[in-house]
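# when you get a sec, could you give me coordinates for this:
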Amino acid sequence: MAGAHSLKHEIYISTDAEKVRKALSTAEGLRGWNTPGVEGSGELGTLWNLKYSGRPEFSWRIDRDDPEEILWTCTKGPGDAVGTTATFSFGSTEDGRTRVRVTHGGWPHDEANFIKCNTIWGVLMDHLREYAESGVSDPAFS
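Numbering: from 1, shown residues only. Take a look at the predicted model:
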């Protein structure tokens, strides 16, 4: 079944959800954990253009930006990436941390770039946690 495969990650961040949301919904925030090569306004319906040294560029259309969920749709990227979606969902824990789940869905298979992308999301989520907790910029990729 086409588009039936999704990769998923979940982390807990020791800060409030608003700091995590800013890291995912502002150019400054994305530069802090993803890549310094970020272009975009963060407005609904516009694109995040992410440029990486020696790696493929990605463009993600911002399709949802709610307090509980952010949804991006890939419009430019390698292989089967175009048309996939990245959904970031947030929840608070009783001890004041923020649970973040990312689901990168819509993959036609679970091979090749799907496997590579799963590894990359793991790295990215760790950098997101470090940036949201410390406020210190340390992008995963330059």
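# give me the longest helix you can find in this structure.
Longest helix in the chain, counting residues (DSSP state H): helix 113-134.
# please export the C-alpha coordinates of it as CSV.
This file holds the C-alpha atoms of helix 113-134, laid out as CSV (Å, rounded to 0.1, in the frame of the first residue of the first chain):
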residue,chain,number,x,y,z
ASN,A,113,16.2,6.7,2.1
PHE,A,114,13.5,5.7,4.7
ILE,A,115,16.2,4.0,6.7
LYS,A,116,18.7,6.8,6.3
CYS,A,117,16.0,9.4,7.2
ASN,A,118,15.1,7.5,10.3
THR,A,119,18.7,7.8,11.5
ILE,A,120,18.8,11.5,10.6
TRP,A,121,15.6,12.2,12.6
GLY,A,122,17.2,10.6,15.6
VAL,A,123,20.1,12.9,15.4
LEU,A,124,17.9,15.9,14.8
MET,A,125,15.6,15.2,17.7
ASP,A,126,18.6,15.0,20.1
HIS,A,127,19.8,18.4,18.9
LEU,A,128,16.3,19.8,19.3
ARG,A,129,16.2,18.6,22.9
GLU,A,130,19.6,20.1,23.6
TYR,A,131,18.8,23.4,22.0
ALA,A,132,15.3,23.8,23.6
GLU,A,133,16.8,23.0,27.1
SER,A,134,19.9,25.1,26.9
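# same question for it, mean pLDDT?
For helix 113-134, mean pLDDT is 95.
# what's that helix in contact with?
With CB atoms under 8 Å, 6 or more residues apart in numbering as the test, helix 113-134 has contacts from 5, 7, 9, 11-15, 19-20, 23-24, 29, 32-34, 78-81, 98, 100, 102, 104, 107, 136-140. Where you see a C-beta, it was placed from the backbone N, CA and C, and this is true even at glycine.
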